[in-house]
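**Q** Generate coordinates for the sequence data below:
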Amino acid sequence: MNSSVSVALCTYNGATYIAEQLRSILDQSLAPTEIVVADDGSSDGTLEVVAAVLAEARSAIPVRILRGESPLGVTRNFERAVDATTGEFVALCDQDDVWHPDRLSVAVAELEADPAILLWHGDARLVDERGDSLGFTLFESLGIGDDEIAGINGDHPLETYVRRNLVTGATTVFRRSLLDAALPFPASWVHDEWLGVIAAATGRTRVSTRAVVDYRQHSSNEIGVVRPTIAVKVGRMLEPRADRYQKLALRAQDLVERLEALGVDPAAVALARRKRDFEAKRSHYPANRVARLGRILGSLDVEAYNDLSSQRRVDIVRDIVQPA
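**A** Okay, the predicted model is just below:
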C-alpha cells in the first residue's frame with residue numbers, strides 16, 4: 001500500500017476523550033500520511049491535550065491544526081477539514097471514538113483494489129463512556145439487512161442510500177477526488193450521508209460488516225444510536241410529524257440540483273426527483289389523522305414507500321398514526 005491517507009479529525013470541547021482517539025490513530029498498522037485537526041472553537045483545553053499527546057508520541061506524521069474562533073457546527077467543520085486534506089484517501093474521524101489498529105488498512109486495501117469505489121464504510125462496536133461494550137453493533141442498531149448490504153456493494157447503490165442514510169462518518173474512508181462533486185456540503189445534509197449519496201450517484205461504494213472502530217456513546221454525542229427495541233421503534237413511529245417531511249423534501253431537492261449540475265446518469269437524477277416528489281407529497285398530508293388516512297389510502301403508492309421510504313411499507317402505518 002503506497003497510497004497517501006489523510007485523517008480529517010474534527011474537535012469541539014473533546015478534551016475528555018481526544019487523547020485515546022489520537023493515540024489509536026498514531027498506532028494504526030497503516031500509518032496516515034497526515035492528520036488535519038479542525039477545532040470548532042473549543043474552550044476546554046482540547047488542543048492542549050492534542051499537543052501533549054503529539055509531544056509524548058514523537059510521531060513523524062505531519063499534523064495541521066485548523067483553529068476556529070466561533071463554532072461552525074459539525075458539517076461545516078468537517079467541510080473545512082476535508083477540504084484541507086491532501087491525501088489520495090481521506091478518513092473521517094470523530095473526537096471521542098477509538099480506532100481498531102486495522103481501521104485504515106482494511107479500508108484502503110478495498111479502495112486500492114477497485115478504482116471505481118469512491119467511498120468505503122464499515123461497522124462499529126458500540127461502547128459506553130468507559131469504553132465497555134454495549135453488547136450490540138452499529139449495524140444492529142440500524143437494522144441493516146442483507147439486501148441493503150448487497151445494494152450498497154452492487155451496481156446501483158443510490159437505490160439503497162436514497163431510502164435512508166447508512167453511512168457513519170466514524171467508519172468512513174473515501175477518495176479525495178469525491179470532493180470535486182461533493183463540495184460544498186448543502187446545509188440540509190449531514191456531511192457523511194452527503195458524501196455517501198454523492199459517491200453512490202457518481203461511482204461505486206463499498207460497505208463491510210467488519211467493525212473497525214469503537215463508537216463511543218455518551219451524553220454529549222452530536223449523533224448517537226440506541227438499541228432497536230420494540231419500545232424504541234414504537235416511540236419513533238409516534239414522534240410528531242412536525243417539519244420532518246419538509247426537511248426530507250428540501251434535502252431531496254438539494255440532491256436533485258447537485259446531480260443535475262454534475263450531469264450524472266439520468267437514471268440517478270430521475271431517482272432523486274422521484275424521492276423529492278414523494279417526500280413533498282408526504283409533507284402535505286393533513287394534520288388531522290382521519291383526513292390524513294383518507295388522503296394516504298386514496299392515493300396509496302406502495303411501490304414508492306418500498307423504494308423511497310426509510311422503513312419501507314412500515315412507514316405507511318407511521319404516516320397514518322403519527323401525531324401532527
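
**Q** Which secondary structure state is assigned to the residue lying closest to Ile152 once chain neighbours are set aside?
**A** Of all residues not flanking Ile152 in the chain, Val207 sits nearest, at 4.4 Å (C-beta to C-beta, 6 or more residues apart in numbering). C-beta coordinates here come from the backbone N, C-alpha and C atoms, glycine included. Put simply, Val207 is strand when judged by DSSP: H, G, I helix; E, B strand; the rest coil.

**Q** What score does Val207 have for pLDDT?
**A** We have a pLDDT of 98 for Val207.

**Q** next one: the one 5 residues further on
**A** Predicted confidence (pLDDT) at Val212: the value is 98.

**Q** Name every strand pairing with the helix or strand it falls within and say which way it goes.
**A** Element membership of Val212 [criterion: DSSP states H and E] is strand 204-216. Paired neighbours of strand 204-216 in the sheet (DSSP bridges): strand 98-99 (antiparallel), strand 117-127 (parallel).

**Q** tell me the most buried of those strands?
**A** strand 117-127 (a mean of 24; mean count of other C-beta atoms under 10 Å).

**Q** and it, average pLDDT?
**A** Per-residue scores along strand 117-127 average to 98.

**Q** now it, how far from the chain's geometric center?
**A** The chain centre lies 9 Å from the centre of strand 117-127; the measure is C-alpha atoms, centre = their mean, to the nearest Å.

**Q** domains in this protein, as residue ranges please.
**A** Per the record, the chain has its domains at 5-216, 230-321, by automatic domain parsing.

**Q** got the strands paired with strand 204-216 as TSV, with distance to Ala19 columns?
**A** Putting these into TSV (distance: least, C-beta to C-beta, whole Å) gives the following:
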stretch	distance to Ala19
strand 98-99	11
strand 117-127	16
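
**Q** hmm, back to that, of the domains of the chain, flag the one that's most buried.
**A** domain 5-216 (a mean of 19).

**Q** can you tell me the distance between the two ends of that one?
**A** The first and last residues of domain 5-216 sit 24 Å apart, counting by C-alpha to C-alpha, to the nearest Å.

**Q** ok, which stretches of the stretch 201-324 of the chain are helices?
**A** Counting by DSSP state H, counting those that start in this stretch, the stretch 201-324 of the chain has helices at residues 230-237, 244-262, 266-283, 289-298, 302-308, 314-321.

**Q** And these: which comes nearest Tyr12?
**A** helix 244-262 (23.4 Å; C-beta to C-beta).

**Q** if we can go back for a sec, in CSV, list the helices of the stretch 201-324 of the chain along with mean pLDDT.
**A** Converted to CSV, the helices of the stretch 201-324 of the chain look like this (pLDDT from 0 to 100):
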stretch, mean pLDDT
helix 230-237, 67
helix 244-262, 96
helix 266-283, 97
helix 289-298, 92
helix 302-308, 96
helix 314-321, 93
